[in-house]
Structure formats: structure tokens, C-alpha cells
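[1] here is my input; please provide its structure:
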Amino acid sequence: MNKQHREWIILMIGLFAWACALPGLSTPSEFPTPDANSISTIIAGTANASAATQTAQANPSTSIPLPTLTETTAPTSTTTPQLIFSSYNTALRQQADGSTFFVDQKLGYELVTPSGWTAFRINEPEFYKMWELPESANSSVLGNLTSIQAMDPNIFRLFAYDLRNGHVQIDALTTIDVSWTQDSNNYSKFISGLQRSYSRFYLSNKVLSSQIETTSSGLEVNIVEFEIKMKDLMKGGTNIEVIYEKQIIFKVPTGMIAVRLDTTYDLKDTLMPEFDQIKESIKVNMP
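    Numbering: from 1, shown residues only. Have a look, this model is predicted:
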């Protein structure tokens with residue numbers, strides 16, 4: 001979910017560049033070295049996406065060079081397509097009902113994004129196809145895509161955009177991201193870390209609710225709702241923009257995964273049934 005952050009552009013880029021210099025992130029096949037700032041890295045990365053949105057709005061013709069993709073047409077088959085894993089050990093598969101099946105083999109979990117959402121991983125083939133969509137001409141989408149290319153796939157495992165008609169605004173994009181942290185396997189500590197990080201980037205943030213639930217498959221999850229307020233700098237900083245955020249936090253063998261939805265209050269009630277579908281689809285392979 002992206003609003004205007006003109007005065008933060010240089011700060012955000014600097015923070016993210018610093019975060020990406022952490023040891024152990026150069027080799028995709030290895031996990032990053034445990035680091036106390038990984039929650040801050042996540043927040044700095046998404047805040048940097050907001051800054052990139054601002055840049056895209058100021059320079060709507062901005063584009064980045066994209067690699068030429070060579071595709072091979074698979075033979076027609078009635079069987080389920082085989083999963084093809086990336087160098088980061090993740091895989092996507094489009095399903096007949098329009099949903100997307102996501103498997104994170106390295107971190108040991110899987111989930112499904114509902115029909116209507118466009119799911120992709122950083123710098124994988126489906127990411128580059130995003131640039132060809134008509135919706136990518138929107139400054140919110142363009143800013144996000146530009147920033148995401150610089151993020152670390154070891155941490156940011158999956159993204160999904162709501163590009164449906166009527167859901168994309170000129171300065172607001174409803175997004176889901178799936179991120180991993182080694183910081184803690186304690187829910188309270190994780191949420192406190194989020195709040196401290198949010199306080200660095202936003203006017204205010206408030207936990208609306210936090211509760212432990214058990215999914216139908218028996219997985220324990222912590223469901224957290226945030227209200228985030230920031231100044232609308234494009235309107236002189238006098239207006240306050242309000243973001244609704246909801247997270248599904250769950251444990252995996254090497255840390256914690258957060259599935260985060262950012263949207264407007266106008267779309268909140270429409271999207272909650274779909275967010276619940278994601279929650280119920282999550283499966284974790286614990287040792």
C-alpha cells in the first residue's frame with residue numbers, strides 16, 4: 001500500500017542499501033547470517049517501495065532495462081504441471097480456478113493466493129511479465145516494481161498485487177508480501193519490533209487487535225491488525241492518510257513468516273474473505 005513520501009526518498013534508499021549489505025546475502029543457496037535488524041530490513045524495504053512510487057509519479061516515463069526472456073511452450077497435458085523451483089527454492093503454479101499455489105521449499109511452508117491477485121517473486125519470469133501488463137503504467141504499480149527489483153529474495157519471498165478494476169488508485173496499491181525473519185520465534189517480540197520500526201517511517205501506528213488462532217489444518221498463527229497514519233505530502237502535508245494493515249504471522253523451522261496485507265479502509269471488508277482464504281491455505285513442514 002503506497003502513499004507519498006517525498007521527504008523520505010533519500011533516507012529510504014540509504015536505509016535499504018545499508019540493510020542489503022548484511023553478511024551472508026550474496027549466495028542465494030544460503031540463508032543470511034542471523035541479524036538483529038532483519039525486521040527493520042523488511043520495513044525499510046517496503047518503505048523504499050513507497051519512495052519509489054513517488055519517484056515514478058514525478059517521472060512517469062521512467063523505465064528499467066529488462067532481460068529478454070526465452071520461453072518454451074510445454075506440451076498440452078491434463079496432468080498437474082511439475083513445480084519448477086528457483087535458485088531461492090521457491091515455486092509458483094497457476095491453478096485452474098485462477099488462484100496461485102506457492103511453495104517455499106527452503107523455509108518449509110506453502111500457501112495459495114486467491115483468484116484475482118497477481119502473484120510473483122523478485123526477478124523471476126513472472127516478475128518481468130508484470131511490466132507488460134496495462135496496469136503497470138499506473139505510477140503506484142510502476143514505483144513498486146522498480147523498488148522490488150532491488151530487494152533481497154532471501155527475505156522477501158513472495159508478492160501479490162490486487163490489480164482488479166476499481167482496486168488500483170493513482171497513489172494507492174493494495175499489496176500482499178510474504179517475508180521471513182530470523183529475529184525471534186516469539187510473537188510479542190516480533191510485533192513489538194514491527195511497531196518500533198514503523199515508528200521510524202510513519203506518523204503513527206497502532207495495533208488494533210492481536211490474537212492467536214488455529215487454522216483448520218491445526219497451524220497456530222498470530223493475526224495482527226494495524227492502523228498506520230502518515231502525512232499526505234503531495235497535498236502539502238496537511239492531510240493525514242490512513243492505511244489498514246493485517247498480518248498472518250506463523251513459525252517455520254528457521255524463524256517466522258509474515259504475510260502482510262496493506263490496503264485502504266474502503267477495500268478492507270471486500271478483501272477480508274480472501275485474506276482468510278490465504279490463512280486457511282498455509283501449511284508448514286515442521287521437522
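
[2] quick one: low-confidence parts of this protein?
    Along the chain, the parts satisfying pLDDT under 70 run over 1-80, 170-171, 183-184, 232-238, 286-287.

[3] would you list every one of the strands in it?
    In order along the chain, the chain carries the following strands (DSSP state E): 90-94, 100-104, 109-113, 117-120, 156-162, 168-169, 172-173, 175-181, 204-214, 220-231, 240-252, 255-263, 283-284.

[4] including distance to residue 271 and mean neighbour count, could these go into TSV?
    To be clear about C-beta, it is placed using only N, CA and C from the backbone, and glycine gets the same treatment. Formatted as TSV, the entries for these read as follows, by distance: least, CB to CB, whole Å; neighbours: other CB atoms under 10 Å:
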stretch	distance to residue 271	mean neighbour count
strand 90-94	21	18
strand 100-104	16	21
strand 109-113	12	22
strand 117-120	10	20
strand 156-162	7	22
strand 168-169	13	16
strand 172-173	13	24
strand 175-181	9	24
strand 204-214	15	12
strand 220-231	13	18
strand 240-252	9	19
strand 255-263	6	22
strand 283-284	22	18
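
[5] can you put those strands in JSON lines and add distance to residue 142?
    Shown next, in JSON lines, are the strands of the chain (distance: least, CB to CB, whole Å):
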{"stretch": "strand 90-94", "distance to residue 142": "22"}
{"stretch": "strand 100-104", "distance to residue 142": "22"}
{"stretch": "strand 109-113", "distance to residue 142": "21"}
{"stretch": "strand 117-120", "distance to residue 142": "14"}
{"stretch": "strand 156-162", "distance to residue 142": "12"}
{"stretch": "strand 168-169", "distance to residue 142": "11"}
{"stretch": "strand 172-173", "distance to residue 142": "10"}
{"stretch": "strand 175-181", "distance to residue 142": "14"}
{"stretch": "strand 204-214", "distance to residue 142": "26"}
{"stretch": "strand 220-231", "distance to residue 142": "20"}
{"stretch": "strand 240-252", "distance to residue 142": "19"}
{"stretch": "strand 255-263", "distance to residue 142": "17"}
{"stretch": "strand 283-284", "distance to residue 142": "34"}
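
[6] tell me which of those lies nearest to residue 138.
    Residue 138 sits nearest to strand 168-169 of all these, at 5.5 Å, using CB to CB.

[7] residues contacting the closest one, please?
    Residues outside strand 168-169 that contact it (CB atoms under 8 Å, 6 or more residues apart in numbering): 135, 138, 140-141, 162, 174, 264.

[8] give me the subset of those residues that lies in helices.
    For the contacts of strand 168-169, the ones inside helices are 140-141, with DSSP state H as the criterion.

[9] closest one of the contacts of strand 168-169 to residue 222?
    Nearest to residue 222 among the contacts of strand 168-169: residue 174, at 21.9 Å, using CB to CB.

[10] I'd say that closest one and residue 263 touch.
    Yes - under the criterion of CB atoms under 8 Å, residue 174 makes contact with residue 263 at 4.2 Å.

[11] which PyMOL command selects the buried ones in the contacts of strand 168-169?
    Those of those that count as buried under 16 or more other CB atoms under 10 Å are selected in PyMOL with:
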select buried, resi 135+138+140+141+162+174+264
